[in-house]
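Participant: One predicted model, sequence on top.
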Amino acid sequence: MPVFGLIDGNSFYCSCQRAFDASVRNSPVVVLSNNDGCAIARTAEAKQLGIKMGEPWHLACRRPALQGVRWYSSNYPLYADMSRRMFQVLEYRVPRVEPYSIDEMFLDLTALPYDLATFCADLRRDVLEISKIPTCIGWGPTKTIAKVANRIAKADPALQGLCDLNDTALRHDWYRRTDIEDVWGIGHKGAERLRRAGIHTIADFVEMDTRAVRNLLTVVGARVQAELQGQSCLPLADLAAPRQGLACTRTFGRPIDNWSDLREAVASYATTVAAKLRRDRLHAGSISVFIRTNPRTSTEAGWYANQQSISIEPTNDTMALIAASLRLLRKIWKPGYRYFKAGVILDALAPAARQGALFSTRDPQRAESVMAAMDALNARFGRGTVRPLATGTRQDWRPRQAFLSPAYTTRFEDIMQVHAW
DNA sequence: TCTGGGGTCCTAGGACCC
DNA sequence: TCTGGGGTCCTAGGACCC
């Protein structure tokens, strides 16, 4: 019988901020989405004050009850690096670890020669001590059950951050008390359908006829059911699956109503996504661009959204991707609208093995050395040090990040200084 | 003034073919 | 008289995840 564990960082982004700023260690903390739009991470104290996930922050921050709350713009380089540190601690202690998201990792706890409750308690302590991230761990015979266990560990403080759902009787006791919507893979729509069929708890769901589940929720729901019944369908993935797509999409700091700003924005999104492509040593064979006005504030006449994609000769050259994205943008752009968001999406990714196209229109070697030089300079002196002219110089459409903390672990200028005397 | 970004997987339906 | 059926491939869109 396999045993899967799931460890996840409590209020992960907030905990990353707290790790470097002792002054907020006891305050309610909130981390905002890109563009400082809404709350996407809240500490327990912030949740207690009634701050909701996804709450528009420009409204919420005025509530008198939120006086003592501290908030930050999101700082992804910091969170990604903290995630890597957490992974390292786990990798050293657990035979196999599968990173699932920035703050969650599945653990292979099968046949460990230890008492699992003691082992996991020690694991939590080590992760907290070394990577400064408080966590919860749940475990059971399948990934989906481990997710349920983790959720219970998080919700019930009496459990001290740990929950064991290996035992069948104990599991069914929790199944009776847990809403089916709280299960990994059952979303809002699925739960609504199940409710209409009289299914409310996990206990109700595991007893359903499998064909009925398949009818209501397709094969995906049937797999969730099997996993909850204790039959493992989702193995631990040793190797990260190859990436299928890569995107850079952003809401502008202010609406854009002219071609030249929009062109700059799309060119710089293409530049960002091309750099990611090279970082992962991939080529893209397809590119799409979309633009849209704000559906919340546009009248029907003022609303417009469009998208176009094309296949391209596989490349990771920034200049080629800018050229392609601007050709697409030219096709969908219409004057007279206030655009609020745009994006560049790459698909048909494949390893960037050099495969000398017979009738290539570019000089791949020249492009490659230019890109390598650009990447090296940006790695050495900071992102955006060298970038194509097409990305503009003022860039005053960039998203707002008014409450950004330093990138404590990934920028030389931002490393903390400690004074001892 | 003001409501995120980046992914994966599945299905339905159209185009095309024999 | 009589107007099919079954396969593949691709894409758009939905649902879900963190």
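Facilitator: Perfect, thanks for sending it.

Participant: can you give me the strands for the stretch 201-350 of chain A?
Facilitator: Using DSSP state E, counting those that start in this stretch, the strands of the stretch 201-350 of chain A run over residues A:246-256, A:282-293, A:305-315, A:339-351.

Participant: To A:Thr218, which of those strands lies closest?
Facilitator: strand A:339-351 (23.7 Å; CB to CB). (Glycine included, C-beta is placed from N, CA and C.)

Participant: which secondary structure elements does the following helix or strand past that closest one contact?
Facilitator: Going down the chain from strand A:339-351, the next helix or strand is helix A:364-381, by DSSP states H and E. With contacts defined as 3 or more CB pairs under 8 Å, 6 or more residues apart in numbering; DSSP states H and E, helix A:364-381 has these neighbours: helix A:259-279, helix A:318-332.

Participant: re earlier: any chance of CSV for the strands of the stretch 201-350 of chain A, columns mean neighbour count and distance to A:Gly190?
Facilitator: What follows is the strands of the stretch 201-350 of chain A, written out as CSV (neighbours: other CB atoms under 10 Å; distance: least, CB to CB, whole Å):
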stretch, mean neighbour count, distance to A:Gly190
strand A:246-256, 18, 26
strand A:282-293, 21, 27
strand A:305-315, 16, 27
strand A:339-351, 20, 26
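
Participant: Same list (those) but as a markdown table, adding distance to DNA strand C and mean pLDDT.
Facilitator: As requested, those are exported to a markdown table (distance: least, CB to the nearest atom of the strand, whole Å; pLDDT from 0 to 100):
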| stretch | distance to DNA strand C | mean pLDDT |
| --- | --- | --- |
| strand A:246-256 | 12 | 95 |
| strand A:282-293 | 8 | 94 |
| strand A:305-315 | 6 | 92 |
| strand A:339-351 | 8 | 94 |
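
Participant: looking at the helices and strands packed on helix A:364-381, which is closest to A:Arg380?
Facilitator: Nearest to A:Arg380, of the helices and strands packed on helix A:364-381 and by CB to CB, is helix A:259-279 at 14.0 Å.

Participant: Looking at the closest one now, give me its mean pLDDT.
Facilitator: Averaging pLDDT along helix A:259-279 gives 96.

Participant: Give me the contact list for it.
Facilitator: Applying CB atoms under 8 Å, 6 or more residues apart in numbering, the external contacts of helix A:259-279 come out as A:246-250, A:252, A:256, A:283-284, A:289, A:291, A:316-318, A:321-322, A:324-326, A:329, A:333, A:335, A:339, A:342-346, A:349, A:352, A:371, A:375, A:378, A:387-388, A:390-392, A:395, A:397.

Participant: change it to 6 Å
Facilitator: By CB atoms under 6 Å, 6 or more residues apart in numbering, the surrounding residues in contact with helix A:259-279 are A:246, A:248, A:256, A:284, A:316, A:318, A:321-322, A:325, A:329, A:342, A:344, A:346, A:387, A:390-392, A:397.

Participant: I'd like the distance between A:Val266 and A:Glu300.
Facilitator: 25 Å (CB to CB, to the nearest Å).

Participant: I misspoke; the intended subject was A:Phe340.
Facilitator: Distance from A:Phe340 to A:Glu300, by CB to CB: 16 Å.

Participant: Likewise for A:Ile40?
Facilitator: Taken as CB to CB, the span from A:Ile40 to A:Glu300 is 30 Å.

Participant: More neighbours: the two, which one.
Facilitator: Between A:Ile40 and A:Glu300, counted using other CB atoms under 10 Å, the more crowded position is A:Ile40 (17 against 5).

Participant: Mind jotting down where the helices sit in chain A?
Facilitator: A:12-20, A:44-48, A:57-60, A:76-93, A:116-131, A:143-155, A:168-177, A:188-196, A:202-206, A:210-228, A:259-279, A:318-332, A:364-381 (DSSP state H).

Participant: And the ones you listed, which one averages the lowest pLDDT?
Facilitator: Mean pLDDT per stretch puts helix A:364-381 lowest among those, at a mean of 87.

Participant: contacts for it?
Facilitator: The contact list for helix A:364-381, computed with CB under 6 Å, 6+ apart, reads A:317, A:385-386.

Participant: And that helix, what's buried?
Facilitator: Residues A:364, A:367-368, A:371, A:374-375 are the ones in helix A:364-381 that count as buried (16 or more other CB atoms under 10 Å).

Participant: likewise stretch A:160-178?
Facilitator: Result for stretch A:160-178 [16+ other CB under 10 Å]: buried residues A:161-166, A:171, A:174-175, A:178.

Participant: again, but for stretch A:379-396
Facilitator: By neighbour count on 16+ other CB under 10 Å, the buried set for stretch A:379-396 is A:387, A:390-392.

Participant: before we move on, the earlier item: name the nearest of the contacts of helix A:364-381 relative to DNA strand C.
Facilitator: For those, the closest approach to DNA strand C (CB to the nearest atom of the strand) belongs to A:Asp317, at 22.0 Å.
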